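K.L.:
Quick one, what's the 3D model for this:
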Amino acid sequence: MILIYFCIHKNGPKKYLNTNLKKTIIPNMNKIAVVGAGISGLSMANYLERHKIDYHIYERRKKEDLAGHGFLIPQEGIEYLTQIIDPALLFEHGSFLKKYIQYSHTGKKLAEKNLNNVFAISRQALIYLLSENISSEKISYNTTLAPSDKEKGKLKLPDGNTIEADIIIVSDGSKSRIRKCLFKDEKMRQVQENEVVNIIKDEAIAASVENDFMKFHHDQGGLTFGILKLSHDTILWYSQFDNKKYKINECTPNNLKKYMLEVFVDWHPLVSSIIQKSSYENVHLWCVYELEELNPFYKDDIVFIGDAAHPLIPFTSQGVTSALKDSYILTKYLVEEPSVAEAFRKYEAERKPEIETHVKNGRILLNHFLLPIDQQTDNILPISYK
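P.N.:
Residues are numbered from 1 along each chain as shown. A predicted model of the protein is given here:
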């Protein structure tokens, strides 16, 4: 069980996790290799730092390729995040959202719901904050690891040499190469949704938007446009497409803007204005995949966290929170349990049921998205809660 206690924050009562874990530290756990320097990998490194456990991060991409766009983080995610990032510093880099407001594509308000400590932050800002406590000597960029064909439960460098590590924590994303090598029978499928995500810096547009989560829905379903205010001059926006109706995946960044202006031509002026004024140099076109069935979360001395363990479709808004919880719970058992096998077993036993709930909720939210508005459930919140 995770213990929590209350602390008074300037924004009101807030729950924080008790990190006074009983320490035993697994014998011979001298070095941990973390694969991936995204949110889950960096979160894991921060928790290991707190317990003075030695580690090294290996990231296949270059450091500058990790910027990305942004996240919606529910209250539970903030509770975990503020254990490894100073809350005052964290809150300077994002925005708490007051309400979720659902509109028709022309701007008619359909539903409204108050949000309880839901936080929006850019991926670049969160990566920066999570990296602050990690020495540059502990991260190797542009380094791809693969399972060793000589030593069971080990990974090898591109030159064929095996990395020295007692435990390997894999956080290399939803299409994890390492997971695919270890679980060769896994089946991934593309879901009936593609997503475009972008950030626009425009003070006038940002000033016209409250600190709310705004989402416009086409009357016939299968097409939405979401707006999240990150700061006084920055908006994170995303659009979700039924990929059977809209061939957004066939667009290149060069013609994406033109295609979107055509698709959203009769939408509310705020939507078309954001599409028109945005730069598409760093736009992200997301083809969404999911595992038909979850794999085990570990094998031998290799354990998976975040999207590498359990890809969650974007409708859940639980990707970051789940990665943070994985990192916290895994560290908890690595610190408390007498063996790696028992730590991994308890980690999976605690995390997998909740993840299965989010997978189920994500599919429900996807089906809801595909329906015409007059067939949708009233005032459904586009966040999965356990």
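K.L.:
can you give me the strands in the stretch 1-150 of the chain?
P.N.:
For the stretch 1-150 of the chain, applying DSSP state E, counting those that start in this stretch gives strands covering 4-9, 12-17, 32-35, 55-58, 70-73, 94-104, 109-122, 139-140, 146-147.
K.L.:
Same list (those strands) but as TSV, adding distance to His368.
P.N.:
Bear in mind the C-beta positions are built from the backbone N, C-alpha and C, glycine included. Converted to TSV, the strands of the stretch 1-150 of the chain look like this (distance: least, Cβ to Cβ, whole Å):
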stretch	distance to His368
strand 4-9	31
strand 12-17	29
strand 32-35	35
strand 55-58	38
strand 70-73	17
strand 94-104	11
strand 109-122	13
strand 139-140	40
strand 146-147	39
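K.L.:
between the ones you listed, which gets the lowest average pLDDT?
P.N.:
With a mean of 29, strand 4-9 has the lowest mean pLDDT of these.
K.L.:
All the strands of the stretch 251-386 of the chain, residue numbers only.
P.N.:
284-291, 298-299, 302-304.
K.L.:
Of those strands, flag the one that's most buried.
P.N.:
Most buried of the strands of the stretch 251-386 of the chain, by mean neighbour count (mean count of other Cβ atoms under 10 Å): strand 302-304, with a mean of 27.
K.L.:
Sheet partners, orientation included, of that strand?
P.N.:
Using DSSP bridges, strand 302-304 pairs in its sheet with strand 167-170 (parallel), strand 298-299 (antiparallel).
K.L.:
do you know which of these lies nearest Trp267?
P.N.:
strand 167-170 (41.0 Å; Cβ to Cβ).
K.L.:
what packs against the next helix or strand after that closest one?
P.N.:
Proceeding N to C from strand 167-170, the next assigned helix or strand is helix 177-182, under DSSP states H and E. Where contact means 3 or more Cβ pairs under 8 Å, 6 or more residues apart in numbering; DSSP states H and E, helix 177-182 is packed against strand 146-147, strand 302-304.
K.L.:
again, 10 Å this time
P.N.:
Applying 3 or more Cβ pairs under 10 Å, 6 or more residues apart in numbering; DSSP states H and E, one finds that helix 177-182 contacts strand 146-147, strand 167-170, strand 298-299, strand 302-304.
K.L.:
still on that earlier bit, if you average pLDDT over each of the strands of the stretch 251-386 of the chain, which comes out lowest?
P.N.:
Among the strands of the stretch 251-386 of the chain, strand 284-291 has the lowest mean pLDDT, at a mean of 90.
K.L.:
from the middle of its chain, how far away would that one be?
P.N.:
Averaging C-alpha positions (Cα atoms, centre = their mean, to the nearest Å) puts strand 284-291 12 Å from its chain's average.
K.L.:
partners of that strand, with directions?
P.N.:
strand 188-201 (antiparallel).
K.L.:
What residues of the following helix or strand past the strand it pairs with count as buried?
P.N.:
Downstream of strand 188-201, the next assigned helix or strand under DSSP H and E is helix 203-207. Within helix 203-207, the residues scored as buried using 16 or more other Cβ atoms under 10 Å are Ile205, Ala206.
K.L.:
So what's the gap between helix 203-207 and the chain middle?
P.N.:
Counting by Cα atoms, centre = their mean, helix 203-207 comes out at 26 Å from the chain centroid.
K.L.:
For it, enumerate the helices and strands it packs against.
P.N.:
Counting contacts by 3+ Cβ pairs under 10 Å, 6+ apart, helix 203-207 is packed against strand 223-231, strand 234-241, helix 269-277.
K.L.:
and after it, which helix or strand comes next?
P.N.:
Using DSSP H and E, the helix or strand that follows helix 203-207 towards the C-terminus is strand 213-217.
K.L.:
Might one say that Phe183 is in contact with Leu291?
P.N.:
Yes: the pair Phe183 and Leu291 passes the contact test of Cβ atoms under 10 Å, sitting 9.4 Å apart.
K.L.:
so what's Ser140 bridging to?
P.N.:
Under the criterion used (DSSP bridges), Ser140 bridges to Tyr58.
K.L.:
That one: what's it in contact with?
P.N.:
Ala37, His56, Ile57, Tyr58, Glu59, Arg60, Leu157, Ile163 (Cβ atoms under 10 Å, 6 or more residues apart in numbering).
K.L.:
mind redoing it with 8 Å?
P.N.:
Taking Cβ atoms under 8 Å, 6 or more residues apart in numbering, we find Ser140 in contact with His56, Ile57, Tyr58, Glu59.
K.L.:
residues contacting the residue nearest to Glu293 when sequence neighbours are not counted?
P.N.:
Nearest non-adjacent residue to Glu293, counting by Cβ to Cβ, 6 or more residues apart in numbering: Lys187, 7.4 Å away. Applying Cβ under 8 Å, 6+ apart, one finds that Lys187 lies in contact with Leu291, Glu292, Glu293.
K.L.:
ok, now how distant is Lys187 from Leu81?
P.N.:
From Lys187 across to Leu81, the span is 33 Å (Cβ to Cβ, to the nearest Å).
K.L.:
avg pLDDT for stretch 215-225?
P.N.:
Averaged over stretch 215-225, pLDDT sits at 96.
K.L.:
quick check, distance from it to the centre of its chain.
P.N.:
Averaging C-alpha positions (Cα atoms, centre = their mean) puts stretch 215-225 23 Å from its chain's average.
K.L.:
And that stretch, end to end?
P.N.:
6 Å (Cα to Cα, to the nearest Å).
K.L.:
What lies in contact with that stretch?
P.N.:
So stretch 215-225 is contacted by 100-105, 107, 110, 226-227, 237-242, 244-246, 263-264, 267-268, 271, 369-376, 382 (Cβ under 8 Å, 6+ apart).
K.L.:
Show the model's pLDDT score for Ile248.
P.N.:
Value for Ile248, per-residue pLDDT: 82.
K.L.:
if I pick Asp159, what's in contact with it?
P.N.:
By Cβ under 8 Å, 6+ apart, the contact list for Asp159 is empty.
K.L.:
and what of His268?
P.N.:
Applying Cβ under 8 Å, 6+ apart, the residues near His268 are Tyr103, His105, Thr106, Gly107, Phe216.
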